[in-house]
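**Student:** got a predicted model here, sequence first, then my questions.
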Amino acid sequence: MPSAPDVSLPPGADFSQAAGPPLLEVRHLRVHFGSGRRWLWSSGEVVRAVDGVSFSIQAGETFGLVGESGCGKSTLARAIVGLVPLTSGQVFLEGQPVQPHRVRGNHPLRRTVQMVFQDPYASLNPRMTVLRTLCEPMELLESPASPHEQHLLAVKLLRMVGLDPRYLNRYPHEFSGGQRQRIGIARALAARPKLLLCDEPVSALDVSIQAQVVNLLRELQQQLGLALLFIAHDLAVVRHISHRVGVMYLGRLVEVAPAELLYRNPRHPYTQALLASVPVPDPQVQRKRRDQTIRGEAVSAAAPEGGCAFAPRCPLVQQRCWQEVPPLEGQEHQVACFVALENPPNHPPHSKPHGGNITPS
């Protein structure tokens, strides 16, 4: 299988001063599950899977989203495209408000935003050939193309993702995991979107195949001018592909910054712990690294609301952290932490380590 060349992103790419509205903007988005009422089959708890998230993505930009499993990353992406209903908040597409869960038929949101799912084995219909898989989005979106034109476009899409057009009449079970994910990417591109929501697209693949798929996404971004929301738990992959990175914890964004700035100078204690948990191949460097382990386990997203969600595990916790929710503040480098906001960016506060590692999962 041919692999895509390694195409680097523009060094120092700055989207903060881009003209016009963002391609996608999310404001105070919330997704809560459960009504709070106690029935025989429910606990009556309200789970705040996504709890007031705001961010934007410019045309051609890659926004990486990282955090532990269960922090709400995938729910956020699914809510943006209407697969999960919003509890509150707004989604803007090229400056125009949309209600994703009410989108039907040939809507601009479906043409502009497409998803690439995590599991390449479950995201393809086993009863459909590759040709039918690629033509289905064209038909659902009422693309004005004849069957012959659809076939030609399917051939072009397969070539774009590095697969042989002779595979068009094969079924999903005849492909490897990496090939299936390439077909999933081709299916998303069939709608000719401007933004791809990639929900952990490489986590189910072998490491060598992961690199090929990531490089393919970067190449397609260069060729087509795509924007990406790239969700992953692998911090190295996110750094490799992203222009900006957002760190999520229990449904909230706790830090957002350009990728190199965030990895060079993380300011939130949770971000520092995540980066400290990534092993370094050089044993001498690894020994000299500051111990950034922290204590405890994450609280439940159904816990009573109030205060900073990270307070039970934070080595820098203050009294106000238990009572107030820290806002996400800053210009280029945003952080939701009272202690970090009170200290200069280049001088993070010193703390004593506690037992218990945070490990990305």
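**Tutor:** Here it is on my side, so go on.

**Student:** quick one: the nearest residue to Lys194 once chain neighbours are set aside from Thr133, how far?
**Tutor:** The shortest distance from Lys194 to any non-neighbouring residue, by Cβ to Cβ, 6 or more residues apart in numbering, is to Thr112 (5.0 Å). Glycine gets a C-beta too; all of them are placed from N, C-alpha and C. The gap separating Thr112 from Thr133 is 21 Å, by Cβ to Cβ, to the nearest Å.

**Student:** more neighbours: those two, which one.
**Tutor:** Neighbour totals were compared for Thr112 and Thr133, and Thr133 leads with 21 against 18 (other Cβ atoms under 10 Å).

**Student:** what residues of the helix or strand hosting that one count as buried?
**Tutor:** Per DSSP states H and E, Thr133 falls inside helix 130-140. Across helix 130-140, burial judged by 16 or more other Cβ atoms under 10 Å covers Val130, Leu131, Thr133, Leu134, Cys135, Pro137, Met138.

**Student:** for Glu174, see how far away the residue nearest to the first one when sequence neighbours are not counted is.
**Tutor:** Right, Val130. Counting by Cβ to Cβ, 6+ apart, Leu168 is the residue found nearest to Val130 once chain neighbours are left out, at 5.1 Å. In this view, Leu168 and Glu174 are 12 Å apart by Cβ to Cβ.

**Student:** what does Ile185 give?
**Tutor:** 18 Å.

**Student:** show me what the host helix or strand of Arg111 is packed up against.
**Tutor:** Assigned by DSSP H and E, Arg111 belongs to helix 108-112. Secondary-structure packing of helix 108-112 (3 or more Cβ pairs under 8 Å, 6 or more residues apart in numbering; DSSP states H and E): strand 88-93, strand 96-98.

**Student:** closest to Tyr263 out of those?
**Tutor:** Among the helices and strands packed on helix 108-112, the nearest to Tyr263 by Cβ to Cβ is strand 88-93 (28.5 Å).

**Student:** pull up the pairing partners for that closest one, direction included.
**Tutor:** strand 24-33 (antiparallel), strand 96-98 (antiparallel) (DSSP bridges).

**Student:** tell me how far it is from the chain's mean position?
**Tutor:** Mean C-alpha position of strand 88-93 versus that of the full chain (Cα atoms, centre = their mean, to the nearest Å) differs by 17 Å.

**Student:** what about that strand, average pLDDT?
**Tutor:** Across strand 88-93, pLDDT averages out at 94.

**Student:** using CSV, write out every CA atom in it.
**Tutor:** The C-alpha trace of strand 88-93 is given here as CSV (Å, rounded to 0.1, in the frame of the first residue of the first chain):
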residue,chain,number,x,y,z
SER,A,88,-27.4,24.6,25.4
GLY,A,89,-24.9,26.7,23.5
GLN,A,90,-24.4,27.8,19.9
VAL,A,91,-22.6,26.6,16.8
PHE,A,92,-21.7,29.0,14.0
LEU,A,93,-20.7,27.9,10.6
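
**Student:** tell me the SS of Arg166?
**Tutor:** With DSSP: H, G, I helix; E, B strand; the rest coil as the basis, Arg166 sits in helix.

**Student:** quick one: the residue nearest in space to the middle of the chain from Gly95, how far?
**Tutor:** Centrality entry for the chain: nearest residue to the mean C-alpha point is Ile231, 2.4 Å, by Cα atoms, centre = their mean. From Ile231 across to Gly95, the span is 24 Å (Cβ to Cβ).

**Student:** what do you get for Ala191?
**Tutor:** Distance from Ala191 to Gly95, by Cβ to Cβ: 21 Å.

**Student:** out of those two, name the residue with the larger neighbour count.
**Tutor:** Higher neighbour count among Ala191 and Gly95: Ala191, with 17 against 10, using other Cβ under 10 Å.
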